[in-house]
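Trainee: the following block contains a protein sequence and its predicted model.
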Amino acid sequence: MLGCKAGQIPVLIMSSFEDADTEETVTSLQMTLYHPGHQRSGIFQSIRFFNRERLPTSEVVKFGRNSNTCRYTFQDKQVSRVQFSLQLFKKFNSSVVSFEIKNMSKKISLLVDNKELGYLNKMDLPDKCMIRFGDYQFLVEKEDGESLEFFEIQFSLSTKPLLQENNWLSQEPIPECGSYSSCLTLNNSPMEVGENEW
């Protein structure tokens, strides 16, 4: 009575594949962390590395020293109780969700790429960027998903400074002549240098 005709089996298999295809993808943040003292001081001991964590999109994710307030904490007295927060939002006329980053520290400025955020300043988080405060470096990479219910965060740890590793925002000193191109032009011709300029 429960037997199936041979032609029905492929239909059942196909429908399960269709269900898998229709499952929503989830927006994810990959955060690579670096701090020069991470090995000896256990700064990141409360961070679960290489563990993909799924969070509701309504959650404001806080990073800082206070474990009662912050989801992700750093064992470091130099860090503010709440250092910064991330919140998901959806722009008008866009199907893609974005993140907003806000500096919650009164004592430490937050650098997002080359933009400095003071206390309570906020901005849209670029899809790939470097977040810095104190000796901390976070390389953040966002992968878009469709879900409006959840997003995911995964942490990895770098043993080398991320700025050097990725040649990120290399802060080359600007020569006294103002720009590299004018210096190159000047350096092609002999220059007299006075004794006081050495």
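Mentor: Alright, I've got the coordinates.
Trainee: pLDDT of whichever strand or helix holds S156, averaged?
Mentor: Here S156 sits within strand 150-157, counting by DSSP states H and E. Taken as a whole, strand 150-157 has a mean pLDDT of 96.
Trainee: kindly report the same for stretch 108-115.
Mentor: 95.
Trainee: may I see the buried residues of it?
Mentor: By 16 or more other CB atoms under 10 Å, the buried positions in stretch 108-115 come out as I108, L110, L111, V112. (Glycine included, C-beta is placed from N, CA and C.)
Trainee: in the sheet, who's paired with the third one?
Mentor: Following DSSP bridges, L111 is listed with bridge partners E116, R132.
Trainee: and it, what does it touch?
Mentor: Taking CB atoms under 8 Å, 6 or more residues apart in numbering, we find L111 in contact with L117, M130, I131, R132, F133.
Trainee: ok, now the last one?
Mentor: The neighbourhood of V112, defined by CB under 8 Å, 6+ apart, consists of I101, M123, L125, P126, C129, M130, I131.
Trainee: 7 Å - rerun?
Mentor: Neighbouring residues of V112 by CB atoms under 7 Å, 6 or more residues apart in numbering: I101, M123, C129, I131.
Trainee: identify the farthest-apart pair in these.
Mentor: M123 and I131 (11.0 Å; CB to CB).
Trainee: neighbour count: these two, which is higher?
Mentor: Shown here are M123 and I131; by other CB atoms under 10 Å, I131 has more neighbours (23 against 15).
Trainee: thought F138 was touching the more buried one, still the case?
Mentor: Yes. Contact criterion CB atoms under 7 Å: I131 and F138 qualify, at 4.1 Å.
Trainee: so which of the contacts of V112 are in strands?
Mentor: Members of the contacts of V112 lying in strands (criterion: DSSP state E): I101, M123, C129, I131.
Trainee: that older thread, C-alpha coordinates for the strand holding S156, CSV please?
Mentor: Coordinates of the C-alpha atoms in strand 150-157 are reproduced here as CSV (Å, rounded to 0.1, in the frame of the first residue of the first chain):
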residue,chain,number,x,y,z
PHE,A,150,20.3,36.6,10.6
PHE,A,151,24.0,37.4,9.9
GLU,A,152,27.2,35.6,10.8
ILE,A,153,30.5,36.6,12.3
GLN,A,154,33.7,34.6,12.2
PHE,A,155,37.1,35.5,13.8
SER,A,156,40.6,34.5,12.8
LEU,A,157,43.9,35.5,14.4
